[in-house]
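[1] Quick one: sequence plus predicted model below, questions after.
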Amino acid sequence: MKQILLYGLLFFMSQLTFAQEPDCACCSDQHYQFDFWVGDWEVFNENGDKIGENLVKKLEDNCILNENWEAENGSSGKSYNYYDPSDKTWNQLWITNTGNILKLKGKASKNQMILKSELKEGKQGEYINQITWTKNADGSVTQHWEILDAKGNFLNNAFKGVYRKKQDN
């Protein structure tokens with residue numbers, strides 16, 4: 001009888017210890033939707049010319065996806081991307097070394113992340129920034145930044161780049 005009580009007590013204690021381990025706050029399926037962009041990248045334009053490098057990594061126990069952009073022309077920027085479970089959206093705050101700031105919000109779909117800004121006022125009227133990241137079959141990622149009018153109609157391309165993982169030397 002003492003052995004049964006001892007084994008029962010040990011089982012109960014092990015279950016109690018296991019239950020007290022902290023859960024991962026940012027380990028839901030939604031928090032992994034943008035992980036296809038994580039990596040150490042070289043970025044090329046549509047002509048195949050290298051235009052920059054980008055290190056994208058996870059921070060704060062998977063809660064932040066952090067972008068570190070360095071362009072060939074010397075410009076740079078950082079973004080902080082996160083999933084907000086309160087409204088089920090992805091959010092990005094992008095800040096450059098020239099002081100430009102861009103705030104985006106959106107959702108993931110299969111092999112894509114589509115984020116948009118709020119309506120902005122520019123020299124030629126109101127517009128929306130829309131950036132789409134697409135995971136390609138070869139493991140690369142295409143980033144397409146479009147400028148849309150207030151009704152969501154295409155106006156022009158701001159940026160289109162293909163991210164290729166850096167090769168180990």
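    Structure's in. What do you need?

[2] all contacts plus neighbour counts: C-alpha atoms, from now on.
    Noted.

[3] show me the contacts for the closest residue to Y163 other than its chain neighbours.
    Sequence neighbours aside, V43 is the residue nearest to Y163 in space, at 4.5 Å (criterion: Cα to Cα, 6 or more residues apart in numbering). V43 makes contacts with K50, I51, G52, E53, N54, G161, V162, Y163, R164, as judged by Cα atoms under 8 Å, 6 or more residues apart in numbering.

[4] If we use 7 Å, what do you get?
    For V43, the contacting residues are K50, I51, G52, E53, G161, V162, Y163, R164, by Cα atoms under 7 Å, 6 or more residues apart in numbering.

[5] Could you measure from L93 over to W69?
    For L93, the distance to W69 (Cα to Cα, to the nearest Å) stands at 13 Å.

[6] Compare the two and say which is more crowded by neighbours.
    Using other Cα atoms under 10 Å, the more surrounded residue of L93 and W69 is W69, with 20 against 15.

[7] Kindly state the beta-bridge partners for the more buried one.
    On the basis of DSSP bridges, W69 is bridged to N54, G77.

[8] correct me, but it touches E53?
    Yes - counting by Cα atoms under 7 Å, W69 touches E53, with 6.0 Å between them.

[9] give me the low-pLDDT residue ranges for the protein?
    Scanning the chain with the threshold set as pLDDT under 70 gives 1-22, 168-169.

[10] Mind jotting down where the helices sit in the chain?
    Taking DSSP state H, the helices of the chain run over residues 2-19.

[11] What segments of it are strands?
    39-44, 50-59, 64-71, 76-84, 89-96, 101-109, 112-116, 120-122, 125-135, 141-148, 154-165 (DSSP state E).

[12] To Q30, which of the ones you listed lies closest?
    Minimum separation from Q30 across the strands of the chain (Cα to Cα) falls at strand 76-84, 7.1 Å.

[13] elements contacting that closest one?
    The helices and strands touching strand 76-84, judged by 3 or more Cα pairs under 7 Å, 6 or more residues apart in numbering; DSSP states H and E, are strand 64-71, strand 89-96.

[14] From the chain's centroid, how far away is the last one?
    Right, the one you point to is strand 89-96. 8 Å (Cα atoms, centre = their mean, to the nearest Å).

[15] Which other helices and strands does it contact?
    Using 3+ Cα pairs under 7 Å, 6+ apart: strand 89-96 touches strand 76-84, strand 101-109.

[16] among those strands, which is nearest L115?
    Among the helices and strands packed on strand 89-96, if distance is taken as Cα to Cα, the winner is strand 101-109, at 4.2 Å.

[17] Right, I'll call it a day here.
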